[in-house]
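Student: Here is a sequence together with a model predicted from it:
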Amino acid sequence: MILMSLDMIREGMVNARPIFTSQGLMLLDEDVVIKERYLNRLKELGIRSIYIRDDLGDGKIVRDMVRKELKISSFIVIENIMNNLCYLDENEFDNIKKIINKIIEDLLTPEDILVNLSEIRAIDDYTFGHCVNVSVLSLVTAISLGYDKEKLIDLGAGAILHDIGKARIEFNILNKPSSLTMSEYEIVKRHTTYGYAILNNIKNISFDSKIIALSHHERYDGNGYPHNIKGEDIHEYARIVSIADVYDALTNDRVYKKKASIDEALDYILSMSGSQFDGNIVNKFVDNIARYPVGKGIVLNTGFKGYVISNKKGYTSRPVVRILYNNLGKRVKVPYILDLSEIEDSINIVETTDDIELF
């Protein structure tokens with residue numbers, strides 16, 4: 001499969017990844033043949049690119065880190081809570097922990113799987129999908145840090161509820177399509193204390209889980225909020241979630257900004273290691289993210305172009321690619337596979353693109 005800009009997609013191509021809203025509504029399922037009206041609807045929703053099936057595959061299936069059905073059920077639970085805070089009680093929190101437990105089971109696979117796929121979701125569905133993604137990214141990082149099951153459940157539950165305080169912020173401020181004023185920004189910052197207060201009313205939630213809502217915007221150098229604490233005075237769970245939170249925000253479209261590429265987001269996270277973020281946690285986080293995810297179009301320094309077909313643990317910047325075009329921009333007669341992890345470093349990726357044509 002290959003990630004293509006909607007402008008490059010033609011009727012008759014086949015969708016390769018399910019696209020759905022945070023409410024669990026399927027916009028376009030996998031293996032559906034593309035029609036013009038589908039493309040128009042996706043554009044209306046602010047979606048700029050989707051995954052398309054190719055006829056060159058070798059039959060390998062790229063496994064999602066978390067099952068589609070589990071993600072959708074997670075979105076629905078978070079949406080219900082964010083839209084109706086009285087819905088969050090001891091029983092519902094137990095339900096959240098059950099969902100987190102299932103996510104952990106999906107992540108604790110014997111396979112070494114990188115965070116590999118860019119999720120496609122509509123701009124207006126940011127909040128609920130963001131909460132789930134941050135939880136998954138935090139759990140992947142914590143697994144690398146050696147957390148046991150009990151700690152993983154505490155972390156995952158707190159991470160999925162990290163932005164619950166935003167339910168008390170006016171929608172028109174949260175989704176303002178332009179820069180916030182200073183007073184509006186001060187209002188948004190209150191979501192941390194609001195979130196902690198909401199979770200403080202749940203009897204069976206641990207301190208370790210609820211402190212995430214309060215402290216995920218604290219920064220390692222002390223320049224965060226709401227209390228300007230720094231270093232290891234910030235709870236480790238919050239230090240993990242802060243990285244996942246920023247990464248997911250950078251790599252998803254919003255009403256007021258276009259998303260960054262994965263490699264740009266990773267470069268930013270690395271540049272803030274030791275200042276905004278805990279350096280040790282940054283290293284664990286980055287080690288689990290495929291810098292060039294499966295399906296992403298790439299350009300080599302040789303001028304040849306293709307797209308990523310797989311990634312290997314330990315080689316997050318040197319994926320296996322399928323070459324489609326030569327350095328003159330001409331289609332090669334027979335597309336071929338190049339494993340960058342097995343060749344000299346003189347050949348490397350210099351650019352990513354969603355504008356590579358399959359046919």
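Tutor: That came through fine. Numbering: from 1, shown residues only.
Student: Got the domain ranges for the protein?
Tutor: 2-52, 68-287, 297-353 (automatic domain parsing).
Student: So what would you say the end-to-end distance of the last one is?
Tutor: Looking back up the chat, that one is domain 297-353. End-to-end distance for domain 297-353, by C-alpha to C-alpha, to the nearest Å: 5 Å.
Student: if we can go back for a sec, can you redo the domains of the chain as JSON lines with mean neighbour count and mean pLDDT?
Tutor: From N, CA and C alone the C-beta is placed, and that goes for glycine too. Listed next are the domains of the chain as JSON lines, based on neighbours: other C-beta atoms under 10 Å; pLDDT from 0 to 100:
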{"stretch": "domain 2-52", "mean neighbour count": "17", "mean pLDDT": "83"}
{"stretch": "domain 68-287", "mean neighbour count": "18", "mean pLDDT": "88"}
{"stretch": "domain 297-353", "mean neighbour count": "16", "mean pLDDT": "92"}
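Student: check contacts around Ala16.
Tutor: By C-beta atoms under 8 Å, 6 or more residues apart in numbering, the contact set of Ala16 is Met1, Ile2, Glu30, Asp31, Ile50, Tyr51, Ile52, Arg53, Gly295.
Student: List the ones among these that fall in strands.
Tutor: Counting by DSSP state E, the part of the contacts of Ala16 found in strands is Ile2, Ile50, Tyr51, Ile52.
Student: with those in mind, which one is nearest to Ile173?
Tutor: Nearest to Ile173 out of those is Ile50 (C-beta to C-beta; 30.5 Å).
Student: Take the contacts of Ala16 and write them to TSV, including distance to His162.
Tutor: Listed next are these as TSV, based on distance: C-beta to C-beta, whole Å:
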residue	distance to His162
Met1	31
Ile2	33
Glu30	30
Asp31	34
Ile50	28
Tyr51	28
Ile52	34
Arg53	35
Gly295	29
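Student: Just name the closest of those residues to Asn95, please.
Tutor: Glu30 (27.9 Å).
Student: Nearest spatial neighbour of that closest one, chain-adjacent residues omitted?
Tutor: Leaving aside its chain neighbours, Glu30 sits nearest to Pro18 (5.1 Å; criterion: C-beta to C-beta, 6 or more residues apart in numbering).
Student: contacting residues around the one you found?
Tutor: Met26, Leu28, Asp29, Glu30, Lys68 are the contacts of Pro18 under C-beta under 8 Å, 6+ apart.
Student: Check Glu36 too.
Tutor: Glu11.
Student: Would you quantify the distance from it to Glu44?
Tutor: 13 Å (C-beta to C-beta, to the nearest Å).
Student: Strands of this protein, start to end?
Tutor: Per DSSP E, the chain carries strands over the ranges 2-5, 19-20, 26-28, 49-52, 297-300, 305-310, 320-325, 331-339, 349-353.
Student: Tell me which of those strands lies nearest to Glu79.
Tutor: Of the strands of the chain, nearest to Glu79 by C-beta to C-beta is strand 19-20, at 12.3 Å.
Student: Give me the sheet partners of that closest one and which way each runs.
Tutor: strand 26-28 (antiparallel) (DSSP bridges).
Student: which outside residues touch the strand it pairs with?
Tutor: Asn15, Pro18, Ile19, Phe20, Thr21, Tyr38, Arg41, Leu42, Leu45, Ile50, Ala122.
Student: Those residues in helices, which ones?
Tutor: Tyr38, Arg41, Leu42 (DSSP state H).
Student: for the last one, what are its contacts?
Tutor: Spelled out, it's Leu42. So Leu42 contacts Leu6, Ile19, Leu27, Leu28, Ile50 (C-beta under 8 Å, 6+ apart).
Student: sorry, back to before: quick check, nearest of the contacts of Ala16 to Ile187?
Tutor: Ile50 (35.2 Å).
Student: Who is the closest one paired with across the strands?
Tutor: According to DSSP bridges, beta-bridge pairing links Ile50 with Met4.
Student: what's the answer for Thr353, then?
Tutor: Gly297.
Student: if I pick it, what's in contact with it?
Tutor: Gly297, Ile298, Val299, Lys305.
Student: Turn the residues you listed into TSV, including distance to Phe171.
Tutor: Shown next, in TSV, are the contacts of Thr353 (distance: C-beta to C-beta, whole Å):
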residue	distance to Phe171
Gly297	36
Ile298	38
Val299	40
Lys305	42
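Student: Closest to Glu342 out of the residues you listed?
Tutor: Ile298 (16.3 Å).
Student: Could you report the separation of the closest residue to that closest one other than its chain neighbours from Phe277?
Tutor: For Ile298, ignoring the flanking residues on the chain, the nearest one in space by C-beta to C-beta, 6+ apart is Ile349 at 4.8 Å. Remark: distance between Ile349 and Phe277 (C-beta to C-beta) = 25 Å.
Student: Which one of the strands of the chain lies nearest to Tyr196?
Tutor: Tyr196 lies closest to strand 19-20 among these, at 30.8 Å (C-beta to C-beta).
Student: wait, Pro319 sits on Asn311?
Tutor: Yes. With contacts counted by C-beta atoms under 8 Å, Pro319 reaches Asn311, the gap being 4.7 Å.
Student: Can you work out which residues contact both of these two?
Tutor: In contact with both Pro319 and Asn311: Ala290, Tyr292, Val294, using C-beta under 8 Å, 6+ apart.
Student: Nearest residue to Ala260 in space, please, no chain neighbours.
Tutor: Going by C-beta to C-beta, 6+ apart, Ala260 has Leu250 as its nearest residue, at 4.6 Å.
Student: Kindly apply the preceding question to Lys284 instead.
Tutor: Once flanking residues are discounted, Lys284 sits nearest to Ser144: 4.3 Å by C-beta to C-beta, 6+ apart.
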